[in-house]
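>>> Here is the input, now give the coordinates:
(one chain, ligands or ions: 1)
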Amino acid sequence: MKIADKFGKGRALFSLEVFPPKKDSSIDGIYKCIDEVSAYNLDYISVTFGAAGSLADTARSVELTSYIQNSGITASMHLTCIASSETDIVGITKTLRERGIDNVLALRGDLPADMSVAKHDFSYASDLAKFVSNIGGFGISGACYPEMHREASSFAEDIKHLKIKVESGVSHLVSQLFFDNEIFHNFREKLAIAGIDVPLDAGIMPVTNAAQIKKMVTMCGASIPPKLARIINKYSDNPEAMADAGISYAIDQISDLLASDVDGIHLYAMNNAGNVKRIYESIKSQL
Ligand code: FAD
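Numbering: from 1, shown residues only. This next block holds a predicted model:
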């Protein structure tokens, strides 16, 4: 089933993002995680894709996406295009179709440090969305940035490009993680003003590991509000307290978003079934 068709039923969707293990580690750990989270009434799970799009990484993403789909959960595979040719995308989407996967998240991917790996068939995610739309048969999701994509020259430019992405075939958006709900509320207003009215999932990452979040924030540019900064400063040397406080923070964020009638919550689950369980149990009555 296409993800966009799941919205509009008077309730918010709840979904996860997971990632395939590195190629020298076993895939069994993430399969166990999927088996555990399949109890939680998930609307879909999306699987990340290596930015460089190497064949080995692609195969792992395809395997994991297929496992999720075969577990009875709607699955979506991320596809980055900066290092992919049209032929690569035709090949991957053919495999996904054969595996019964109906959804892709069309992404450009971060610009590689070594631009010689770029294949130049696609410049932006909107080019990929248009190409996959022409292939047909897939629900196409796209990424968006409540604090603006870091390469954009202005918010207005970024939203203009987002509108092109939607007009190119994207029927559902997933936001970059954010820690301050006011930023997301303002972003929703900007999209409404721009006439972007496809369903929008709010991307939430529970902060359970101080080092990991510092790295993540550097990569994606999300700002840390003072309330969360105090938690990170106080508990960075106490993993158990950090996890408890970080999960409580994420639950508060989600409760406020659900009270504000968001279309969906997309949890950056970091392959941790235990954290998903704690969050789901606390918010399930609000979904
Ligand atoms: P685009 O939508 O193409 O935008 C990139 C930049 O180009 C923006 O600044 C935009 O304003 C600008 N732009 C867009 N269109 C035009 C145009 N027509 N003319 C001029 N400028 C334009 N990365 C991975 O490698 N693997 C993953 O699995 C992955 N999953 C992600 C999932 C989510 C939900 C999110 C939010 C990000 C994910 N990323 C992933 C990271 C993503 O690849 C990077 O943020 C990347 O830098 C931008 O990708 P995009 O698809 O948003 O790009």
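
>>> The stretch 151-287 of the chain: strands as residue ranges?
Using DSSP state E, counting those that start in this stretch, the strands of the stretch 151-287 of the chain run over 172-177, 200-204, 264-268.

>>> closest one to the ligand among these?
The closest of those to the ligand is strand 172-177. By Cβ to the nearest ligand atom, the value is 4.0 Å. Placement of C-beta: from N, CA and C, glycine included.

>>> Pull up the pairing partners for that closest one, direction included.
Strand 172-177 sits in its sheet next to strand 139-144 (parallel), strand 200-204 (parallel), going by DSSP bridges.

>>> Briefly note if the longest one comes near the ligand.
Going back to what we said before, that points to strand 139-144. Yes. Strand 139-144 is in contact with the ligand by Cβ under 6 Å from any ligand atom, via A143.

>>> Could I get the contacting residues of I283?
F14, I251, I254, S255, L258, I265 (Cβ atoms under 8 Å, 6 or more residues apart in numbering).

>>> Per-residue pLDDT of it, please?
With respect to pLDDT, I283 has a value of 97.

>>> And for K22?
You'll see K22 listed with a pLDDT of 84.

>>> for the protein, which helix is longest?
The helix spanning the most residues in the chain, taking DSSP state H as the definition, is helix 239-259.

>>> For that helix, enumerate the helices and strands it packs against.
When contacts are defined as 3 or more Cβ pairs under 8 Å, 6 or more residues apart in numbering; DSSP states H and E, helix 239-259 packs onto helix 181-194, strand 200-204, helix 226-235, strand 264-268, helix 273-283.

>>> Write out the residues of the stretch 101-250 of the chain neighbouring the ligand.
Residues of the stretch 101-250 of the chain lying close to the ligand (Cβ under 6 Å from any ligand atom) are 105, 107-110, 124-126, 143, 149, 151-152, 157-158, 161, 164-165, 174, 176, 203.

>>> give the contact list for the residue nearest to L228 when sequence neighbours are not counted.
What sits nearest to L228 in space, not counting adjacent residues and going by Cβ to Cβ, 6 or more residues apart in numbering, is F179, at 5.2 Å. With contacts defined as Cβ under 8 Å, 6+ apart, F179 is in contact with V207, A222, S223, I224, P225, L228, Y249, Q253.

>>> Isn't D263 up against F7?
Yes. Under the contact definition of Cβ atoms under 8 Å, D263 touches F7, with a separation of 5.6 Å.

>>> Spit out the residues that contact these two alike.
Common contact partners of D263 and F7 (Cβ under 8 Å, 6+ apart): L13, P199.

>>> Which secondary structure element of this structure has the lowest mean pLDDT?
Lowest on mean pLDDT, DSSP states H and E among the helices and strands of the chain sits helix 210-220, with a mean of 86.

>>> Can you tell me which helices and strands it packs against?
Using 3+ Cβ pairs under 8 Å, 6+ apart: helix 210-220 touches strand 172-177, helix 226-235.

>>> R150 - nearest residue in space that isn't next to it in sequence?
Once flanking residues are discounted, R150 sits nearest to G221: 4.8 Å by Cβ to Cβ, 6+ apart.

>>> Y280 versus the residue lying closest to Y44 once chain neighbours are set aside, what's the distance?
Among residues not flanking Y44 along the chain, T74 sits closest, at 4.1 Å (Cβ to Cβ, 6+ apart). Distance, T74 to Y280, by Cβ to Cβ, to the nearest Å: 17 Å.

>>> Over to G264?
Separation of G264 from Y280 (Cβ to Cβ): 14 Å.

>>> Could you check which of the two has the larger neighbour count?
G264 (26 against 21; other Cβ atoms under 10 Å).
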